[in-house]
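> From the sequence below, what's the structure:
(one chain, ligands or ions: 2)
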Amino acid sequence: MSLILGIESTCDETAAAVVRDGREVLSNVVATQYDLHAKFRGVVPEIASRAHIENILPVLQEAMGRAGVTARELDAVAIAHRPGLIGSLLIGVTAAKTLAWSWGKPLIAIDHIQAHLYSGVLGTAEIPQPTAEAPFAGAVFSGGHTALYRLNSWTDITLLGGTIDDALGEAYDKVAAMLGLPFPGGPHLARLAEVGNPTRHAFPRSLFERESLDMSLSGLKTAVLYTALGKKGLERKASDLTETEKADVAASFQAACLDVLEEKLRRLLKQTRSKTLLLGGGVSSNTALRVRLEKLPARVILPQKEYCTDNAAMSAGLAHLHYVAGNFAPLTLDAVTSSSIPLAP
Ligand code: KG4
Ligand code: ZN
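Ligands and ions are numbered 1, 2, ... in the order given. Have a look, this model is predicted:
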């Protein structure tokens, strides 16, 4: 049994959550900063850090209040201390260390990417266990990451491949910006794609050599730019395009992304000999992607929509496994910009 407070501040969401036994979410509070970054069409690190400072205490109070628990009842405080923006990470790490020290609770250090992989377990009946003999395959598709993993256990994870340039969510956001959609554009672009013709434009699909798990999305992005707005993206403006033209570009872009993702996930399942695929990250809420996943020869464990984008429940959930194993962090814990997951040898 465990009752854990999780804290998340890796990028531009300030979040706190209370989770029981790694699965039962008692509260999940997320303060987004979309409005602050919208005019820059991307996350500005300095603005993100300042917003975390303003949001962290109200978010913590709300998470504890909604869960209806007192500090005394908690078993541990978990913090996503890597990877992320250093200024953002430091706010959450400082808050978590302060609470753990003043409440006399153990501190648990969480890798945000591992938490995304775990997010599909939240709200389910039991925690599935990968083993070296029956490993899980994992994929994180977010604004900052597009990566494929093998999990021999929830802590023994290796990176097998991923994007060599833009992340998937980043490509969605950039194509959305080309079409004049609001930031962050991923969900808007996905909605527009639903009413467009996915075969109208034959955008490139970079698959690399037969076994490769690498991906590249920057060439696709440039092809979309030239098609939508003309050479170098300078011949037309988004406002010159009709709604049908925009929808066809969105649908054709999404079709190219999904073809690449489906092929890479098939290769990943084959290479890891896995029958279970864990998916996480903001783009995993994409409906068309979820439909594609049904074609894969695997049980796919998908997060509920509120646990796809950055949240603290996934960290508090994963922390249960660390708690049971007695894997606690010292109060000297640092914020680290890179993930702890090693590249496969
Ligand atoms: O996991 P997340 O909240 O942040 C990172 O850790 O990066 O992911 C945010 C990303 C954004 O790029 C957003 O546009 C994208 O996920 N996203 C989507 C959808 N919902 C969110 N992209 C495509 N389709 C969606 N439905
Ligand atoms: Zn994330």
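
> Give me the helix or strand of the chain that scores worst on average pLDDT.
helix 34-38 (a mean of 77; mean pLDDT, DSSP states H and E).

> Just give me how far it sits from the chain centre.
19 Å (Cα atoms, centre = their mean, to the nearest Å).

> Relative to ligand 2, how far out is residue 345?
Look at residue 345 and ligand 2: by Cβ to the ion, to the nearest Å, they are 26 Å apart. Every C-beta, even on glycine, is put in place using the N, C-alpha and C of the backbone.

> Could you do residue 51 as well?
Following Cβ to the ion, the distance that separates residue 51 from ligand 2 is 17 Å.

> Excluding covalently adjacent residues, which one is nearest to that residue?
residue 33 (4.8 Å; Cβ to Cβ, 6 or more residues apart in numbering).

> any idea how far residue 201 is from ligand 1?
From residue 201 across to ligand 1, the span is 18 Å (Cβ to the nearest ligand atom, to the nearest Å).

> returning to what we had before: contact partners for the residue nearest to residue 51?
Applying Cβ atoms under 8 Å, 6 or more residues apart in numbering to residue 33 gives the contacts 12-14, 43, 47-48, 51.

> tell me the least confident of those residues?
In terms of pLDDT, residue 43 ranks lowest among the contacts of residue 33, with 79.

> Tell me where the stretch 201-345 of the chain has strands.
276-280, 299-301 (DSSP state E, counting those that start in this stretch).

> nearest to residue 147, of those?
strand 276-280 (10.3 Å; Cβ to Cβ).

> Enumerate the residues of the stretch 201-345 of the chain near ligand 1.
281-283, 285-286, 309-310 (Cβ under 6 Å from any ligand atom).

> out of these, who's nearest residue 2?
residue 310 (22.2 Å).

> From the contacts of residue 33, keep the buried residues only.
Neighbour-count burial (16 or more other Cβ atoms under 10 Å) is assigned, among those, to 12-14, 43, 48, 51.

> and those residues, which two are the farthest apart?
It's 14 and 43 that sit farthest apart of the buried ones among the contacts of residue 33, by Cβ to Cβ, at 12.8 Å.

> For the longest helix anywhere in the chain, list every residue counted as buried.
In the chain, assigned by DSSP state H, the helix with the most residues is helix 243-272. Neighbour counts over helix 243-272 (16+ other Cβ under 10 Å) mark 245-258, 260-261, 264-265, 267-269, 271-272 as buried.
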